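Chemist: make a model of this:
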Amino acid sequence: MAKKSIETIFQKNTIVNNIINAISTMENFLILGHKNPDDDCVASTVSMALILTKFSKNVYIYYGYPVHDHYNYLMNICRYNSITIVERNETVAQTPDAVIICDTPKPSMVDTNRMIDEYISNPEIIKIELDHHLGADSDYNGDPDYSFVLEASSASELVGYLALKMRNNKDLMKQYQIKNLMTRNFVLAVLTGIIGDSKMGSFLKSKRELRYYDIFSRLYNSILSRETIKKTNLANMNEVFTEIQKLSTSEEKCANYMMKKKKLTSHFGYIIMDQDDMKYLYKEFDDDTIVSITRGIADRMAEESKKFGFVSYFENDEKSDLIQFRIRRSKSFKDYDLRNVLKIFNIENGGGHEGAIGFRLSRSKVENVEAFVQDIIVKVEGLMK
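Modeler: Numbers count the residues shown, from 1 in each chain. Below is the predicted model of the structure:
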């Protein structure tokens, strides 16, 4: 069943209270995200883990895919806060009482291994979900009474909302002797997710999204003004954003190659990487670098065109017969919901939110990638007239 935003305040409060009760009464937690984790995925899993450590819980985060060096500071936060990182094919030391799934559109995208699949299928283990992906090809990962699914800037925003509700529960804070739930590390993690998905807050649209961005921005600045910051720590929000966006030499080379293929129309900046291009790129760079760069390139094309950025590329021949398509909306252009593209073209293997979508199609279904991309561009531009 496609996800939809929680409809009533009563329902939202009930689900939030259920999650808070699970956190306060259970001991062992396993946190999961999606495959090839991005800014919001890593940030929401780490910020959720930080909440749990405040309640002295046993916390494990599973990353079956390598976490990019951009997020080293978040991994260091985990190491210094007794949060155990479990990597591919490693086992979780304790069977979890609850599995928490963050920022993952649907079950097939959850990053798991064989043992974790057993945890997820075990009805005695509660599945908690925090996610902002709605409609299209989305589906619930959590149990109905524990699925905190809401239209938001990011999953990290939802973790932040949960923390604010918990902080306001004075009895709960007193019971666990928590003096400060909003630590610098926690606020940094939440901001990392919001910044990563909203481009430094500029992509936020609703008053609610802007409000939560403002809350955590002010919290972070307040913390910075009263704490002594070590030289090895990030000192301000610009540095957080820079850290997220920073490219290594290898990534710069990959990005520069892709940018040579760019084309512009009245509404789109787009790049089509053909099979020869991808043979070269997969020979020179690892898959994760290519996935990361294409996300950044779609953003870059959106800003350059001032409306939409569009990137398509073939997945690795040795692993898949699919073609990836990513479309991103410029942060200054908010008049079109990109999820309409999925509806217009009856695309099922995809998802996203109003400002960014991604989908994959079998090569057998796309005879000519150039023509297919052009068809999407022409139809969207026609609707914009």
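Chemist: low-confidence stretches in the stretch 101-250 of the chain?
Modeler: 196-213, 217, 220-249 (pLDDT under 70).
Chemist: again, only this time at 90
Modeler: 135-138, 151-154, 173-250 (pLDDT under 90).
Chemist: buried residues in stretch 135-155?
Modeler: 135-138, 140-143, 146-155 (16 or more other Cβ atoms under 10 Å). Where C-beta positions appear, they are placed from N, C-alpha and C, glycine not excepted.
Chemist: can you check stretch 104-116 too?
Modeler: Across stretch 104-116, burial judged by 16+ other Cβ under 10 Å covers 104-106, 109-113, 116.
Chemist: just the helices in the stretch 151-300 of the chain please.
Modeler: Secondary structure of the stretch 151-300 of the chain (DSSP state H, counting those that start in this stretch): helices located at 155-167, 170-175, 184-198, 207-226, 237-245, 249-259, 275-284, 287-305.
Chemist: thought residue 357 was touching residue 342?
Modeler: Yes. Between residue 357 and residue 342 there is a contact at 6.2 Å, judged by Cβ atoms under 8 Å.
Chemist: any common contacting residues for those two?
Modeler: 136, 350-351 (Cβ atoms under 8 Å, 6 or more residues apart in numbering).
Chemist: residue 167: which of the residues you listed is nearest?
Modeler: residue 351 (31.8 Å; Cβ to Cβ).
Chemist: where does that closest one fall, secondary structure wise?
Modeler: strand 350-353 (DSSP states H and E).
Chemist: that strand packs against which elements?
Modeler: helix 339-344, strand 356-362 (3 or more Cβ pairs under 8 Å, 6 or more residues apart in numbering; DSSP states H and E).
Chemist: now residue 98. Nearest residue, chain neighbours left out?
Modeler: With Cβ to Cβ, 6 or more residues apart in numbering as the criterion, residue 98 has its nearest non-adjacent residue at 4.2 Å, and that residue is residue 126.
Chemist: next one: residue 75
Modeler: residue 67 (6.2 Å).
Chemist: what sits against that neighbour?
Modeler: If you count contacts by Cβ under 8 Å, 6+ apart, residue 67 has them with 37, 42, 74-75.
Chemist: save the residues you listed as JSON lines, and put in neighbour count, secondary structure and pLDDT too.
Modeler: Below are those laid out as JSON lines (neighbours: other Cβ atoms under 10 Å; DSSP: H, G, I helix; E, B strand; the rest coil; pLDDT from 0 to 100):
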{"residue": "37", "neighbour count": "26", "secondary structure": "coil", "pLDDT": "91"}
{"residue": "42", "neighbour count": "27", "secondary structure": "helix", "pLDDT": "93"}
{"residue": "74", "neighbour count": "24", "secondary structure": "helix", "pLDDT": "84"}
{"residue": "75", "neighbour count": "18", "secondary structure": "helix", "pLDDT": "85"}
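Chemist: closest one of those to residue 328?
Modeler: Once Cβ to Cβ is applied, the member of those that ends up nearest residue 328 is residue 37, at 18.1 Å.
Chemist: isn't the closest one up against residue 63?
Modeler: Yes. If you go by Cβ under 8 Å, residue 37 and residue 63 touch, sitting 6.5 Å apart.
Chemist: what is in contact with those two at once?
Modeler: Common neighbours of residue 37 and residue 63 (Cβ under 8 Å, 6+ apart) are residue 111.
Chemist: quick one: contacts of stretch 250-264?
Modeler: Stretch 250-264 is contacted from outside by 247, 269-273, 277, 280-281, 284-285, 289-290, 292-294, 296-297, 300-301, 304-305, 311, using Cβ under 8 Å, 6+ apart.
Chemist: in PyMOL, how would I select the buried members of these?
Modeler: One line in PyMOL is enough to select the buried members of those, burial here meaning 16+ other Cβ under 10 Å:
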select buried, resi 247+269+270+271+272+273+277+281+285+289+290+292+293+294+296+297+300+301+305+311
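Chemist: domain parsing for this protein?
Modeler: 9-244, 248-384 (automatic domain parsing).
Chemist: tell me how far the first one lies from the chain's centre.
Modeler: For domain 9-244, the distance from its own C-alpha centre to the chain's C-alpha centre is 10 Å (Cα atoms, centre = their mean, to the nearest Å).
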